[in-house]
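**Q** Quick one: sequence and predicted model below, then my questions.
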Amino acid sequence: MDMKKMMRQAQRMQAQLAEAQEEIKELSYEGTAGGGMVKVTVSGEMEVTAVEISPVAIDPDDPEMLQDLVMAATNEALRGMNGLSSTRLNAVTAGMPNIPGMNF
């Protein structure tokens with residue numbers, strides 16, 4: 001294969017990858033638990049941006065339940081965002097050879 005052509009392809013892919021990473025930063029994903037009593041939103045940068053707790057979920061006699069709901073909603077949101085990110089990045093890198101020095 002022509003080395004110049006391969007380098008142009010690699011540069012084009014790097015640009016597409018950078019664009020995809022910027023798009024991912026703008027995404028958000030909402031995880032829920034307890035039938036929607038707890039909602040957690042995560043950004044594309046894997047940061048929690050919002051937590052909503054229904055008053056129904058607040059039982060002073062059972063704080064562990066609320067803790068579990070928040071943890072479950074957060075984990076769901078993180079898994080969902082990870083899936084969205086992976087799907088977007090895989091769309092850019094699919095079928096490309098493993099080129100040394102390029103991390104995908």
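**A** Structure's in. What do you need?

**Q** count of neighbours near residue 24?
**A** Neighbours of residue 24 under the rule other CB atoms under 10 Å: 19. Backbone N, C-alpha and C define where each C-beta goes, glycine included.

**Q** meant to ask about residue 29
**A** So residue 29, with other CB under 10 Å, has 21 neighbours.

**Q** For the closest residue to residue 58 other than its chain neighbours, grab the count of nearby residues.
**A** Excluding its sequence neighbours, the residue lying closest to residue 58 (CB to CB, 6 or more residues apart in numbering) is residue 66, at 6.2 Å. Neighbourhood size, residue 66 [other CB under 10 Å]: 18.

**Q** Over to the one 4 residues further on?
**A** Residue 70: 19 surrounding residues under other CB under 10 Å.

**Q** ok, the spatially most central residue of the chain - contacts?
**A** In the chain, the centroid-proximal residue (CA atoms, centre = their mean) is residue 81; its distance is 2.4 Å. Contacts for residue 81 (CB atoms under 8 Å, 6 or more residues apart in numbering) come out as 27, 28, 29, 42, 43, 44, 46.

**Q** pLDDT (mean, whole number) over the helix or strand harbouring residue 67?
**A** Using DSSP states H and E, residue 67 sits within helix 63-93. The pLDDT scores in helix 63-93 average 94.

**Q** Mind listing what's buried along stretch 37-47?
**A** For stretch 37-47, the neighbour count (16 or more other CB atoms under 10 Å) marks 37, 38, 39, 40, 41, 42, 43, 44 as buried.

**Q** Right, I'll leave it there.
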